[in-house]
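S.K.: Mind looking at a prediction? Sequence and model below.
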Amino acid sequence: MGDKAQRVKGVTLSIPIVYGSLAWSLGKKAEAEKTHRWTLYVRDPYNQDLSHVIEKVVFHLHESFEDADRVAPGFPFQMFETGWGEFEICISVHFKDPAEKPAEVLHMLKLYHDDGSAPSTKKPVVSEHYDEIIIQDPTQHMYNCANSLLMQTSGKMVAHPDAGVPYAAFENTKQLETLRAARVHVTRELELLREAYLAADAEAYALDMELTKTVAQTMNPTEKRDPL
């Protein structure tokens, strides 16, 4: 327990996620307060299982819903519901190690196409965003969880299995490019800080050894002195 709770200093974990929603019109089956069927989710950019790092995901719906806090306890981390209106949802991502603070993101549920095209009972309205959860100095347990599986991290990111298209098209493309640039900058800055820390540590060690040597020579002089 003690070793797992210790922090791995100088290490930064980056967990890529995609969060969003799919919405389908209910068509002729629609009712006044149930015009659409929709799903909320948190997934991997390549639809890989994130259970090795994520314990559960909580979707905080509008207070008008019964049991507004919906829990997805395992892969796939998603929920389904029906409704008639668009609203903002807070999504809490809880990690395998409860010592790590849950990450939160906001998502606006979309029921209609931006171009004004007619809603479909088969082709969903897709609204999703790419993000990266950054954990600085993770616990040993979280570090072990994150490195327990070899995950795909390159190549064209795929769409949700129910999106009806092969590849993802994120709404925050410009933000994604900014995020990637910022990630490179932060990684470089962290590396420079690490190098500076190691250099300072080596210098401190050398000074400590020199001080120890000086004290030892003072306590046990080796130089011979002429008798009086």
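M.R.: Right, received. Where do you want to start?

S.K.: contacts, neighbours, all on C-alpha from now
M.R.: OK.

S.K.: C-terminal to the helix or strand of the chain with the lowest mean pLDDT, what's the next element?
M.R.: Lowest on mean pLDDT, DSSP states H and E among the helices and strands of the chain sits helix 2-5, with a mean of 70. Next along the chain after helix 2-5, taking DSSP states H and E as the criterion, comes strand 12-25.

S.K.: List the buried residues in that following strand.
M.R.: The neighbour-count check on strand 12-25 (16 or more other CA atoms under 10 Å) flags L13, I15, P16, I17, V18, Y19, G20, S21, L22, A23, W24, S25 as buried.

S.K.: Of these, which is the nearest to E81?
M.R.: Closest approach between those and E81, by CA to CA: A23, at 9.6 Å.

S.K.: got a list of what that closest one touches?
M.R.: Contact analysis of A23 by CA atoms under 8 Å, 6 or more residues apart in numbering lists H36, R37, W38, T39, K110, L111, P124, V125, V126.

S.K.: Mark which of those residues are part of strands, please.
M.R.: H36, R37, W38, T39, V125, V126 (DSSP state E).

S.K.: Mind putting the residues you listed into CSV with distance to R188 and pLDDT?
M.R.: Below are the ones in strands among the contacts of A23 laid out as CSV (distance: CA to CA, whole Å; pLDDT from 0 to 100):
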residue, distance to R188, pLDDT
H36, 46, 97
R37, 45, 97
W38, 41, 98
T39, 38, 98
V125, 38, 96
V126, 35, 96
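
S.K.: for the closest residue to K9 other than its chain neighbours, what are its contacts?
M.R.: Nearest non-adjacent residue to K9, counting by CA to CA, 6 or more residues apart in numbering: D137, 4.9 Å away. The contact partners of D137, taken as CA under 8 Å, 6+ apart, are R7, V8, K9, G10, V11, T12, L13.

S.K.: Got the confidence number for D137?
M.R.: pLDDT for D137: 95.

S.K.: thinking again about what came up before, nearest to E31, of the contacts of D137?
M.R.: The closest of the contacts of D137, once distances to E31 are taken by CA to CA, is L13, at 45.7 Å.

S.K.: out of everything not next to it in sequence, what's closest to the closest one?
M.R.: Using CA to CA, 6+ apart and skipping residues adjacent in sequence, the residue nearest L13 is I135, 5.0 Å away.
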